[in-house]
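*Asks:* Have a look at this fold, sequence not included:
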């Protein structure tokens with residue numbers, strides 16, 4: 001029996017908010033386009049928040065709201081978990097930010113295999129953090145990528161190496177944060193996923209092999225790399241602040257206080273290197289050179305950065321105007337971030 005001749009049986013696997021949108025797209029389209037979600041896989045409940053209360057994933061909450069059967073194995077390498085998945089008799093498995101490795105036994109269980117929604121234009125930025133790395137860029141794109149998108153991929157045993165079934169691109173704006181780009185790709189991914197599922201039903205899929213020679217890798221973001229190095233250029237620092245918003249959030253130290261930086265703007269003013277070259281007052285990287293309601297201006301290795309959104313320890317994120325109203329003595333001209 002061909003896919004077009006029957007109601008597709010679909011397994012969905014995902015965990016965070018990015019995956020929730022894709023599951024909702026499938027739920028909304030299921031009856032109209034003739035497919036059934038026979039099971040939802042998501043990571044086990046885990047302690048979260050200050051109280052370390054056991055918390056369900058966003059995907060699990062949505063699935064339960066729609067009376068979908070939920071599975072939360074610790075691993076899919078276990079034979080009993082593989083047998084349980086096989087009993088669902090799925091035609092296809094959709095994987096979106098699931099967070100568990102799918103062994104070969106799982107990849108070949110559904111009739112049409114496993115499809116993944118990946119947040120980049122493969123083969124660029126294979127790996128765990130494609131959205132952040134696209135904003136950060138690399139040697140080939142030192143100012144960050146100008147474009148990214150989503151790829152619907154047929155999964156294989158490699159790291160995001162499978163054949164591409166559909167890509168959908170979008171521009172990366174100069175003010176783009178990881179959160180804003182995440183939200184754009186989430187919408188693109190849902191639209192692209194539905195197109196591919198309909199192609200599965202009609203037998204119209206076209207697979208394109210990736211060019212491995214063009215592959216780049218998006219390594220997992222660590223909290224340590226989010227610490228600001230003020231000797232870098234203001235443009236580099238501003239880019240990293242956008243890339244680390246909302247996680248892990250760029251940070252710096254002011255004395256013993258750890259300050260999180262959420263928003264900042266590059267401004268054309270003297271940086272440390274500029275000051276030395278022009279013979280004007282010597283500046284120190286991280287020095288506060290201006291402070292008013294428009295922002296907190298910090299000297300960088302090249303240029304300066306105007307911080308407009310930050311968070312003090314134990315406080316909520318605030319604008320500098322809010323900071324000046326309540327904590328006007330916290331910073332002063334000539335004081336330094338470390």
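*Replies:* Now that the structure is in, tell me what you want to look at. None of these values were measured; they are calculated from a predicted model.

*Asks:* tell me which element residue 131 is part of?
*Replies:* If you go by DSSP states H and E, residue 131 is part of helix 130-136.

*Asks:* and the next element down the chain from that helix?
*Replies:* Using DSSP H and E, the helix or strand that follows helix 130-136 towards the C-terminus is strand 147-154.

*Asks:* next structured bit after that next one?
*Replies:* Following strand 147-154 in sequence order, the next helix or strand is strand 164-171 (DSSP H and E).

*Asks:* Buried residues, that next one. List them.
*Replies:* Residues of strand 164-171 classed as buried by neighbour count (16 or more other Cβ atoms under 10 Å): 164, 165, 166, 167, 168, 170. For every residue, glycine as well, the C-beta is placed using N, CA and C.

*Asks:* Check which helices and strands it is in contact with.
*Replies:* strand 147-154, helix 178-202 (3 or more Cβ pairs under 8 Å, 6 or more residues apart in numbering; DSSP states H and E).

*Asks:* the domain parsing of this structure - what is it?
*Replies:* Here the domain assignment for the chain is 3-218, 224-326, based on automatic domain parsing.

*Asks:* ok, of those, where does mean pLDDT dip lowest?
*Replies:* Of all the domains of the chain, mean pLDDT reaches its minimum on domain 224-326 (a mean of 86).

*Asks:* that older thread, pull the most distant pair out of the buried residues of strand 164-171.
*Replies:* Based on Cβ to Cβ, the longest span within the buried residues of strand 164-171 runs between 165 and 170 and measures 18.1 Å.

*Asks:* Using TSV, lay out the domains of the chain together with distance to residue 334.
*Replies:* TSV is the format used below for those (distance: least, Cβ to Cβ, whole Å):
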stretch	distance to residue 334
domain 3-218	30
domain 224-326	7
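
*Asks:* of all these, which lies closest to residue 333?
*Replies:* domain 224-326 (5.7 Å).

*Asks:* So residue 36, which state does it fall into?
*Replies:* Under DSSP: H, G, I helix; E, B strand; the rest coil, residue 36 falls in the strand class.

*Asks:* Please read the previous query as pertaining to residue 236.
*Replies:* helix.

*Asks:* Count the neighbours of it for me.
*Replies:* Using other Cβ atoms under 10 Å, residue 236 has 22 other residues around it.

*Asks:* And residue 265, by the same measure?
*Replies:* 16.

*Asks:* Can you give me every residue that contacts residue 226?
*Replies:* Contact analysis of residue 226 by Cβ atoms under 8 Å, 6 or more residues apart in numbering lists 240, 244, 248, 249, 250, 251.

*Asks:* circling back to that earlier point, deepest-packed of the helices and strands packed on strand 164-171, please.
*Replies:* strand 147-154 (a mean of 23; mean count of other Cβ atoms under 10 Å).

*Asks:* and that strand, how far from the chain's centre?
*Replies:* In this view, strand 147-154 has its centroid 13 Å away from the chain centroid, taken as Cα atoms, centre = their mean, to the nearest Å.

*Asks:* got a list of contacts for it?
*Replies:* 113-122, 124-125, 130-131, 134, 160, 162-172, 181, 185, 188-189, 192-193, 196, 207.

*Asks:* Distance of residue 136 relative to residue 240?
*Replies:* For residue 136, the distance to residue 240 equals 7 Å [Cβ to Cβ, to the nearest Å].

*Asks:* Could you do residue 216 as well?
*Replies:* According to Cβ to Cβ, residue 216 and residue 240 sit 18 Å apart.

*Asks:* which of those two has more neighbours?
*Replies:* Neighbour totals were compared for residue 216 and residue 240, and residue 240 leads with 23 against 19 (other Cβ under 10 Å).

*Asks:* what helices or strands is the helix or strand that contains that one leaning on?
*Replies:* Assigned by DSSP H and E, residue 240 belongs to helix 234-243. On a contact count with 3+ Cβ pairs under 8 Å, 6+ apart, helix 234-243 meets helix 130-136, strand 250-254, strand 257-267, strand 304-311.

*Asks:* Starting from residue 137, give me the distance back to the nearest residue to residue 184 once chain neighbours are set aside.
*Replies:* Leaving out its chain neighbours, the residue that sits closest to residue 184 by Cβ to Cβ, 6 or more residues apart in numbering is residue 170, at 5.5 Å. Residue 170 sits 16 Å away from residue 137, going by Cβ to Cβ.
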